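*Asks:* I'd like to go over a predicted model; first the sequence, then the structure.
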Amino acid sequence: KTDAEIDSLATAKPDTLDVAELLYAATLTEDGDKQMAIYTSATTVYPEDWRGYNNIAYLHLKKGNMEDAKAWFAKANEKGGSAEVTNNEGVIAVWNMEYDKAKTLFEDAKSKGGDESNNLGILHLRIGDYPTALEYFSSTCSYNSALTNLVAKDNDKAKAQCECAEQNAATF
């Protein structure tokens, strides 16, 4: 099917698409309301697949609807969840300053096969454990790695990390 066909079917006849096509359809638009409708269809047509629930939660997270996001992540976990869902719950825990809970969730996600180095690095940065944060960031060129080096008083390394990281307002 072409992208145009998938886009059309996702809203008109979502039950004619397989779950991968339906989830893909949501990536074809920037319209959050349309994405929400597509992901909601995914949970209706494929109620046992965790991904639709997880993606609805993510959309709520983007809007700052923390409680709604938590509820949808819980539904995703009920459907089998994954490292991604557990990771996302960890992100909410960090935002809520529930650092012990976040660490447990990130480590659980890691045990499920997720690469949680960045999130564990951010967690340790937030609690002021800069050496451990730097271990998780390793030699990654990123804003967070640069920031951690800066607060750890390694200005030269922080500058080098900013220069090789994605160039945006934060790194500038």
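*Replies:* That came in fine, so what should we check first? What you are looking at is a predicted structure, and each value in this text was computed from that prediction instead of being measured. Residues are numbered from 1 along each chain as shown.

*Asks:* switch to C-alpha atoms for all contacts and neighbour counts from now on
*Replies:* Noted.

*Asks:* Return the distance of residue 29 relative to residue 48.
*Replies:* From residue 29 over to residue 48 the distance is 24 Å, taken as C-alpha to C-alpha, to the nearest Å.

*Asks:* ok, the two, which is more surrounded?
*Replies:* Comparing residue 29 with residue 48 by neighbour count (other C-alpha atoms under 10 Å), the higher total belongs to residue 48, at 16 against 12.

*Asks:* isn't residue 48 right up against residue 81?
*Replies:* No. Assessed by C-alpha atoms under 8 Å, residue 48 is found out of contact with residue 81, at 10.1 Å.

*Asks:* Residue nearest the middle of this structure, spatially speaking?
*Replies:* Against the mean C-alpha coordinate of the chain, by C-alpha atoms, centre = their mean, the closest residue is residue 88 at 5.4 Å.

*Asks:* which residue packs closest to that one, ignoring adjacent ones?
*Replies:* For residue 88, ignoring the flanking residues on the chain, the nearest one in space by C-alpha to C-alpha, 6 or more residues apart in numbering is residue 73 at 7.7 Å.

*Asks:* That neighbour and residue 42, how far apart?
*Replies:* Separation of residue 73 from residue 42 (C-alpha to C-alpha): 15 Å.

*Asks:* before we move on, what about residue 87?
*Replies:* The span separating residue 87 from residue 42 equals 21 Å under the rule C-alpha to C-alpha.

*Asks:* who's more crowded, those two?
*Replies:* Residue environment comparison for residue 87 versus residue 42 gives the larger neighbour count to residue 42, 29 against 24, counting by other C-alpha under 10 Å.

*Asks:* How about residues contacting stretch 29-40?
*Replies:* 10-11, 14, 22-23, 25-27, 52-53, 55-56, 59 (C-alpha atoms under 8 Å, 6 or more residues apart in numbering).

*Asks:* Just the buried residues of the residues you listed.
*Replies:* When neighbours are counted using 16 or more other C-alpha atoms under 10 Å, the contacts of stretch 29-40 contain these buried positions: 10, 11, 14, 22, 23, 25, 26, 52, 53, 55, 56, 59.
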